[in-house]
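> Next one to model:
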Amino acid sequence: MPIILVVDDDQQIRAWLCHILESKGYHVEQACDGEEALTILKRLEPALIVLDLFMPNVDGFEVILHLRGGAKPVKVLAMSGNPVDGYDAARTAKLFGASETMAKPFDAATFLQHVEMLLAHS
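Reported below is the predicted structural model:
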């Protein structure tokens, strides 16, 4: 099964996403922010990164930029909550290199559809 890295500073959301993925048989690693994700990426090559965009320390946009410089492309499913003053975080994430975006909140079925679609096109 492919390895999926889940990165979110909200522990409840991170645990929920990991539970959904693990219940479908995926091997899941997790990070509480972009800084921890970058450390994990030094030793791990996930097939997919599920990435919150707005986090303390190193945000999701910085992680996406870091990935663009890598030798092997990694699929990124970027997630964002409510837009701030009309700022379109999803559009910016796509411009930075995210494979797909999702707006929070979302349900488990929608999340799994995005994950399976991205992994099918690996």
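> May I have the residues that are in contact with the closest residue to His121 other than its chain neighbours?
Leaving aside its chain neighbours, His121 sits nearest to Lys75 (7.8 Å; criterion: C-beta to C-beta, 6 or more residues apart in numbering). For glycine as for every other residue, the C-beta is placed from the backbone atoms N, C-alpha and C. Counting by C-beta atoms under 8 Å, 6 or more residues apart in numbering, Lys75 touches Ala47, Leu48, Ile49, Ser99, Glu100, Leu118, Leu119, His121, Ser122.
> Could you look up the SS state of Val76?
The three-state label given to Val76 by DSSP: H, G, I helix; E, B strand; the rest coil is strand.
> Verify the stated contact: it with Ser99.
Yes: with contact defined as C-beta atoms under 8 Å, Val76 reaches Ser99; the gap is 5.2 Å.
> Which two of the contacts of Lys75 have the greatest separation?
Longest distance between any two of the contacts of Lys75 is 14.8 Å, between Ile49 and His121; criterion C-beta to C-beta.
> Show me the strands in the chain, by range?
For the chain, applying DSSP state E gives strands covering 3-7, 27-31, 48-52, 75-80, 100-103.
> re earlier: for ChimeraX, write the select line for the buried members of the contacts of Lys75.
Buried residues among the contacts of Lys75 (16 or more other C-beta atoms under 10 Å), as a ChimeraX selection:
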select :47,48,49,99,100,118,119
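> now the contacts of Lys75 as JSON lines including pLDDT and distance to Leu112?
Formatted as JSON lines, these follow (pLDDT from 0 to 100; distance: C-beta to C-beta, whole Å):
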{"residue": "Ala47", "pLDDT": "95", "distance to Leu112": "15"}
{"residue": "Leu48", "pLDDT": "97", "distance to Leu112": "12"}
{"residue": "Ile49", "pLDDT": "98", "distance to Leu112": "16"}
{"residue": "Ser99", "pLDDT": "94", "distance to Leu112": "16"}
{"residue": "Glu100", "pLDDT": "95", "distance to Leu112": "13"}
{"residue": "Leu118", "pLDDT": "96", "distance to Leu112": "11"}
{"residue": "Leu119", "pLDDT": "96", "distance to Leu112": "10"}
{"residue": "His121", "pLDDT": "79", "distance to Leu112": "15"}
{"residue": "Ser122", "pLDDT": "64", "distance to Leu112": "16"}
